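Visitor: Prediction below, plus the sequence it came from.
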Amino acid sequence: MSESTIHSHFRLGKSLVVAIDGPSGSGKSSVSREAARRLHAAYLDTGAMYRAVTLHCLSTGIDLKDAAAVEHAARAIELYISTSPDRELVTLAGVDVTTAIREPRVSEAVSAVATTLGARAELIRRQRALIAGAGHRIVAEGRDITTVVAPDAEVRILLTASESARLRRRGDQLGGTQSSSQLQQQVLERDAKDSTVVNFQQAADGVVTVDSSELDFEQTVEAVLDVVHTVAH
Ligand SMILES: Nc1ncnc2c1ncn2[C@@H]1O[C@H](COP(=O)(O)OP(=O)(O)O)[C@@H](O)[C@H]1O
Ligand SMILES: Nc1ccn([C@H]2C[C@H](O)[C@@H](COP(=O)(O)OP(=O)(O)O)O2)c(=O)n1
């Protein structure tokens, strides 16, 4: 579908929340960002918020096994995240941490924050406020957007890909710097840990699955926009 066709279907100003969940490396961030651009919508990377809390704990010596301390950190931090699909920016107390939150040490530790329920509750509250702040015209992606953060979203998608595709994509994204066991830990073992608190492996009722295993990036963006068109029209 062309961009102008999409526009004729989705008037600016009308509520359009597109919720996208899926496992690590399925293409959520890159595909959601591009879909948001084409829909002239905002974009929210909720995983970046879990990463920012994790980075804060690592750099200030907060014990990630101490649930009360992690919850307190999630409530107390001065966290800013851009919701423009054209400006990737995350700051902690005014310091740019956009790149630092992607470091492997954060990827390896982030499940400790994701499985701390008090921290989740606080981040979910902040995510709902960001969605409202964007006038409910936003593509929001993560693990629990379709089920918990925005179960009433106009469009709900589970973006999946085979394990081998996800490992290959993450390896390429990190420039071949990670060994295969490091990638397994950062992708598959992390998903297994995160799955203990949220279900992003199977589509909930009303959630449409897009399997990107055999699709390239552009085809995946188009598949997502086709679902938006079909479901939200
Ligand atoms: N359909 C696709 N085919 C090939 N590569 C893809 C596809 N979707 C995403 N990618 C690439 O795979 C990598 C991981 O994607 P990303 O959006 O970070 O995934 P996630 O947010 O689900 O972890 C990125 O380098 C991205 O450009
Ligand atoms: N809505 C969300 C988003 C992310 N998380 C957790 C799960 C992940 O381990 C981390 C980081 O998420 P992120 O989307 O950045 O991870 P990947 O890009 O898939 O590697 O946060 C979550 O529990 N709930």
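Guide: All right, it came through fine. Numbering: from 1, shown residues only. Ligands and ions are numbered 1, 2, ... in the order given.

Visitor: so what's the residue nearest the centre of the chain up against?
Guide: Closest to where the C-alpha atoms of the chain average out (C-alpha atoms, centre = their mean) is residue 142, at 3.1 Å. Contacts for residue 142 were tallied using C-beta atoms under 8 Å, 6 or more residues apart in numbering; they are 20, 21, 28, 45, 46, 47, 127, 149. C-betas here are computed from N, CA, C, even on glycine.

Visitor: Which SSE is immediately downstream of the lowest-mean-pLDDT helix or strand in the chain?
Guide: In the chain, no helix or strand scores lower on mean pLDDT, DSSP states H and E than helix 3-9, which sits at a mean of 52. Downstream of helix 3-9, the next assigned helix or strand under DSSP states H and E is strand 16-21.

Visitor: just checking, what packs against that next one?
Guide: With contacts taken as 3 or more C-beta pairs under 8 Å, 6 or more residues apart in numbering; DSSP states H and E, strand 16-21 sits against helix 28-39, strand 137-142, strand 155-160, helix 217-232.

Visitor: so which of these is the most packed in?
Guide: strand 137-142 (a mean of 28; mean count of other C-beta atoms under 10 Å).

Visitor: quick check, nearest of the contacts of residue 142 to ligand 2?
Guide: residue 47 (2.3 Å; C-beta to the nearest ligand atom).

Visitor: tally of neighbours for residue 128?
Guide: For residue 128, the count of nearby residues is 14 (other C-beta atoms under 10 Å).
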